[in-house]
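**Q** build the 3D model from these lines:
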Amino acid sequence: MKVPYQLLRAARAAIDITHVDLAREAGVSKRTLVRIEALQGVSEASRERVQSALEARGVMFLPAGEGFGPGIRVPDKMLTAPAERRYQPPGKRIDRKP
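**A** Sure, this is the predicted structure:
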């Protein structure tokens, strides 16, 4: 299945892998990966390498069907808890545990 560029970007974000790491695993340059995520054209071979690298990490690309577009599924182990909030809006205090 040829995966849309948007799903490649969404999959990378969902499994929280850096551009550098995914590019290395896919055997493409970081610039190529950035071009994919910016919806700019890249070679079919590069796009397929990125898709294969994501699939090797357990990402499943789901075909379109029943009135819905294509989607992704990621393994539970790839999902991480959100990081502690670091930004503190002016006038709001976040109490931290000692």
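**Q** what sits up against stretch 73-80?
**A** 11, 14, 15, 16, 57, 58, 59, 60, 62 (Cβ atoms under 8 Å, 6 or more residues apart in numbering). Yep, even glycine has a C-beta here, placed from its N, CA and C like the rest.
**Q** correct me, but the last one touches residue 72?
**A** This means residue 62. Yes. In this structure residue 62 lies within contact range of residue 72 using Cβ atoms under 8 Å: 6.7 Å.
**Q** quick check on the two: which one has the bigger neighbour count.
**A** residue 72 (17 against 14; other Cβ atoms under 10 Å).
**Q** for the spatially most central residue of the chain, what is the enclosing helix or strand?
**A** Centroid-nearest residue in the chain, with Cα atoms, centre = their mean: residue 12, separated by 1.4 Å. According to DSSP states H and E, residue 12 maps onto helix 5-14.
**Q** quick one: mean pLDDT for that helix?
**A** Average pLDDT, helix 5-14: 91.
**Q** ok so, going back, mark which of the contacts of stretch 73-80 are buried, thanks.
**A** Buried members of the contacts of stretch 73-80, scored by 16 or more other Cβ atoms under 10 Å, are 11, 14, 15, 57, 59.
**Q** list of residues touching the helix ranked longest in the chain?
**A** If you go by DSSP state H, the chain has its longest helix at helix 44-56. Helix 44-56 is touched from outside by 2-3, 5, 8, 11-12, 15, 22, 25-28, 32-33, 36, 61, with contacts defined as Cβ under 8 Å, 6+ apart.
**Q** could you rerun that using 10 Å?
**A** With Cβ atoms under 10 Å, 6 or more residues apart in numbering as the test, helix 44-56 has contacts from 1-5, 7-9, 11-12, 14-15, 17, 21-29, 32-33, 35-37, 41-43, 59-61, 72, 74.
**Q** cool, and stretch 9-21?
**A** 3-4, 7, 22-25, 29-34, 36-39, 50-51, 53-55, 57-61, 71-75, 77-80, 83.
**Q** what about the helices in the chain?
**A** 5-14, 19-26, 30-37, 44-56.
**Q** what sits against the closest residue to residue 39 other than its chain neighbours?
**A** Leaving out its chain neighbours, the residue that sits closest to residue 39 by Cβ to Cβ, 6 or more residues apart in numbering is residue 5, at 5.3 Å. For residue 5, the contacting residues are 35, 36, 37, 38, 39, 40, 41, 42, 47, 50, by Cβ under 10 Å, 6+ apart.
**Q** that concludes my questions; thank you for your assistance.
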